[in-house]
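In: A structural model of the following input is requested.
(2 chains)
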Amino acid sequence: MEEKIMMVHGSGGSATGELIDEIFDREFSNATLDQMEDSAVVPGARQIAMTTDSFVVTPAEFRGGDIGRLCVCGTVNDLLMRGAVPKYLTCGFILEEGLDVALLKRVVHSMAKTAEEAGVHIVAGDTKVVNGNGELYINTAGVGFVSEGVDIAAGNARTGDAIIVSGNVGDHHAAILSERMNIDTDIESDNAPLVDIVSNLLNSGIHVHTLRDVTRGGLATVLKELSGQSKKTFVIEENKVPVTSKVADFAGLLGLDPLYMGNEGKLVAIVDSHDADKALDIIRDSKYGKNAAIIGEVKEDSEGKLIETTELGGERELDILQGEGLPRIC
Amino acid sequence: MTLEEVKNGLKDYDGPEMNIMEVCGSHTGAIAKNGIPGMLSEKIHLLSGPGCPVCVTPSSYVDKLLELAKDPKNCIVTFGDLIRVPGSAKANLSSARGEGARVEMVYSPMDTLDLAEKDPETDFIFAAVGFETTTPVYALLVDEIVRNDIKNIKLLTAIRTMPEVIRFLMGSGAPIDGFIAPGHVSVVTGTHIYEPIARDFSIPFGVAGFKGPELLAAIYGIVEEYGHGVVKNFYPSAVKADGNPAARALIDKYFEKYDAAWRGMGIVKGSGKILREEYRYLDAGSLGLDADHKANPACCCDKVLMGKMRPYECPLYGKVCTPMNPQGACMVSTEGSCFSYLSNHRKDK
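Out: Predicted coordinates:
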């Protein structure tokens, strides 16, 4: 095969066939996909969760991850946040002319490995080639099975509930930004599928009211949105929010606030206060959850307020991220 | 004195009402981030002054950038926070880019050197906006351009200096009883520079760092010295009495003082820096950019910058004027007073 993607790879003819055979099918092969039908027919469940997400991150490879791992994690994590067990993914690739075939191979390999880790099958896919500068974009859609009686939703937080975050915040944002700014740090992206954390929580019998993955906009944006959807005041403590000193220093240098920095492998769990310590232990014992922390509490009814008590002893009211943030982070 | 004693002293303060102004955008951010307004007695009020570089730059500067951006031979190079600042007719660099203009965002002025080397056919114009803090880096950029005889980089400058505008504010009757002096600016200028102003107006200055305890200590120090013309340094780890003479020497090699215009304040004598005449050939037309037209006539950025109005008292605040649809520069930059108040729901008087 050629070293670069060319327009002919999107022709639908023999070059497209070569691309599918040599790159996609080699990595994604499974019984459903191998039938090469126009759509995948798969076993189902009474209730399913569905979601879709597009990935445009630049650069496509970064310290700790790449767009392939990211596009599986993003969609798998969205399914998990409703208490679903992720089952199937589809993927659509938009490839720009000039894309390095070696890069594409690495990305596809990384997708396959991450899908295996997350326990999902890639059952359908599509490729298009467009003019451009050799970049690639991926859309993934996912289906998960939701068991009877599982009700995890953004508006379910109750007064007294504990707010838990599953680990250090800001790593993905800092990793991407250091790549773009050529800053030599060893901060790695946290991109990870949160299957283990969620399945362990759900299997433990704990009353999990809300789960939300903490992505673009950061922890503060997510919590402010959840407070609005549950119509409660959330109070978090500045010094309980886990941030590594490297990310804190990096953020300080650039005038960023880790509370508003993006992540790709973190979730917020809102659980009954009686279950808080048990939930924390479960998350800490799960893959990708060892730095989890209880960071705050759901308080009284309101229109949805997020208050942070600061380490200094003051209070500030937080809002969703204002302004542009960092573009093309996922 | 312990931090607890400082906190209690500020909470229980019952002396004369005091307005304390910070003139550094990073301080504005740090004050909100630490939740400091709610930790003070109701008799201590914090005001955000002209400490955000893009906020104090008059609209004609943005207009000039937009005019330069129209020439297909040019590429405007800038820090991110200038991109969405409106000129006199609401257009900004972002909308110009949408119409085909070339605008590059960089994190360091020195990145312009790379751009210029890779694309010798294009004239790169660096938008050099800022205070004493960033001026040494602009001087370094000019130094590189001059020493390597680089033909395709120019600067459009709006460099402003703090002591002159602080004196202007005091002379214009702004209701200020003390200043939190800027931390990074003072690293360059030193603390001596504020002493004549402190004496002339009998007001205290506290040079502050950016951590919560450092800011509280400075505010406490200012409150303690109510009515006294003194300068206290609460950031001695970074700020020396004489500042950084080497950085100032580099600035003076390439730049000289001039009477610069500030948004809402007009021309303030000796409050800016412009390329010296022998290096003026590197200037893309910075002189005379004094006119300031509001994109929205109801915008109160000028009053906010002078401490005469709180951001939330502006009729546009949070309604017509939001970070997504800013009517004035103070709502654009993350260092702007209006942006900081809005994103932190600040309502303190």
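
In: pull the number of nearby residues for A:Ile48.
Out: Neighbour count of A:Ile48, defined by other Cβ atoms under 10 Å in any protein chain shown: 15. C-beta coordinates here come from the backbone N, C-alpha and C atoms, glycine included.

In: okay, and the beta partners of it?
Out: A:Ile48 forms beta bridges with A:Phe145, as assigned by DSSP bridges.

In: my understanding was that it contacts A:Ser147; is that so?
Out: No - A:Ile48 lies out of contact with A:Ser147 (Cβ atoms under 8 Å); the separation is 11.2 Å.

In: and the helices in chain A?
Out: A:14-19, A:26-28, A:31-34, A:67-80, A:101-118, A:171-180, A:195-203, A:218-230, A:245-254, A:276-285 (DSSP state H).

In: any idea of the pLDDT on the residue of the stretch 151-300 of chain B found nearest chain A?
Out: Residue nearest to chain A within the stretch 151-300 of chain B (Cβ to the nearest Cβ): B:Gly212, separated by 3.5 Å. pLDDT recorded at B:Gly212 is 95.

In: quick one, what contacts it?
Out: A:Thr310, A:Glu311, A:Leu312, A:Gly314, B:Ala30, B:Asn34, B:Ile36 (Cβ atoms under 8 Å, 6 or more residues apart in numbering or on different chains).

In: cool, A:Gly228 as well?
Out: A:Gly228 touches A:Glu303, A:Gly304, counting by Cβ under 8 Å, 6+ apart.

In: could you tell me which strand of chain B is the longest one?
Out: strand B:266-275 (DSSP state E).

In: restrict it to CA atoms and write it as CSV.
Out: Only the C-alpha atoms of strand B:266-275 are listed here, as CSV (Å, rounded to 0.1, in the frame of the first residue of the first chain):
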residue,chain,number,x,y,z
GLY,B,266,-7.7,59.8,26.9
ILE,B,267,-4.1,60.6,26.6
VAL,B,268,-2.0,60.1,29.7
LYS,B,269,1.3,61.9,29.7
GLY,B,270,4.3,59.7,29.3
SER,B,271,2.3,56.5,29.9
GLY,B,272,3.4,54.5,26.9
LYS,B,273,6.5,53.2,25.1
ILE,B,274,7.1,53.4,21.4
LEU,B,275,10.0,52.3,19.3
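
In: how far does it sit from the chain's center?
Out: 14 Å (Cα atoms, centre = their mean, to the nearest Å).

In: excluding chain neighbours, what is closest to whatever residue of the stretch 151-300 of chain A ends up closest to chain B?
Out: Chain B sits closest to A:Met181 of the stretch 151-300 of chain A, with a gap of 5.4 Å, by Cβ to the nearest Cβ. What sits nearest to A:Met181 in space, not counting adjacent residues and going by Cβ to Cβ, 6 or more residues apart in numbering or on different chains, is B:Tyr107, at 5.4 Å.

In: ok, B:Thr189 next?
Out: B:Gly243 (4.8 Å).

In: what residues does the stretch 151-300 of chain B have near chain A?
Out: B:Gly212, B:Pro213, B:Leu216 (Cβ under 8 Å from any Cβ of the partner chain).
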